[in-house]
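A.B. asks: Sharing a sequence plus its predicted fold:
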Amino acid sequence: MRYTLLDNLRNEIILLARILLMILFIMSGWSKLFGFGGTVAYLESLGTPVPMLAAAIAVLMEFFVAIAIILGFYTRPLAFLFALFVLGTALIGHDFWNMADPERAANMTQFFKNISIMGGLLLLGVTGAGKYSLDGR
């Protein structure tokens, strides 16, 4: 079998992928955590059922689970769980099919950004966290 440079850097690339996939969520989760009331109000304005619980789940996922994924802690199951969470946020928060332009165009982009992130999370769920992780130890 022939190895390439990318094969030699596999674990480093997986680490970078974990960081890049989660950095947006950590920043968002941090602001939700310290602006919890505003997060609840926003979710309520979207018509989200049980907005306080939804806000708590958002903080848990976006901040704490994202940190766990970066650290490579229970990466495979958490990546699959996070993919479901991202699908839920796409459906609830970016329902472009119920909007008119220009809001429709902006939310369509956000919706498909979430779908793209899901692809990365599913791939991470299959590949695992790699050598540089708590799972790898």
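C.D. replies: Alright, I've got the coordinates. Residues are numbered from 1 along each chain as shown.
A.B. asks: so what's residue 131 up against?
C.D. replies: Taking C-beta atoms under 8 Å, 6 or more residues apart in numbering, we find residue 131 in contact with residue 11. C-beta: built from backbone N, CA, C; applies to glycine.
A.B. asks: What separation is there between it and residue 9?
C.D. replies: Residue 131 is 11 Å from residue 9, where distance means C-beta to C-beta, to the nearest Å.
A.B. asks: what does residue 78 give?
C.D. replies: 24 Å.
A.B. asks: These two: who's more crowded?
C.D. replies: residue 78 (22 against 12; other C-beta atoms under 10 Å).
A.B. asks: Now that one: which helix or strand?
C.D. replies: helix 75-93 (DSSP states H and E).
A.B. asks: Run through who's touching that helix.
C.D. replies: 18, 46, 48, 57-58, 61, 65-66, 68-69, 110-111, 114-115, 117-118, 121-122, 124-126, 128-129, 133, 135.
A.B. asks: got any ranges where this protein has weak pLDDT?
C.D. replies: Applying pLDDT under 70 to the chain flags residues 1-2.
A.B. asks: what about the host helix or strand of residue 59, distance to the chain center?
C.D. replies: Here residue 59 sits within helix 51-59, counting by DSSP H and E. Mean-position distance between helix 51-59 and its chain equals 15 Å (C-alpha atoms, centre = their mean, to the nearest Å).
A.B. asks: how about that helix: buried residues?
C.D. replies: Under the neighbour-count criterion of 16 or more other C-beta atoms under 10 Å, helix 51-59 has 51, 54-59 buried.
A.B. asks: Likewise for stretch 7-27?
C.D. replies: 14-15, 17-18, 21-22, 25-26.
A.B. asks: re earlier: drop the exposed ones from the contacts of helix 75-93 and show what's left.
C.D. replies: Buried members of these, counted by 16+ other C-beta under 10 Å: 18, 48, 57-58, 61, 65-66, 68-69, 111, 114, 117-118, 121, 124-125, 129, 133, 135.
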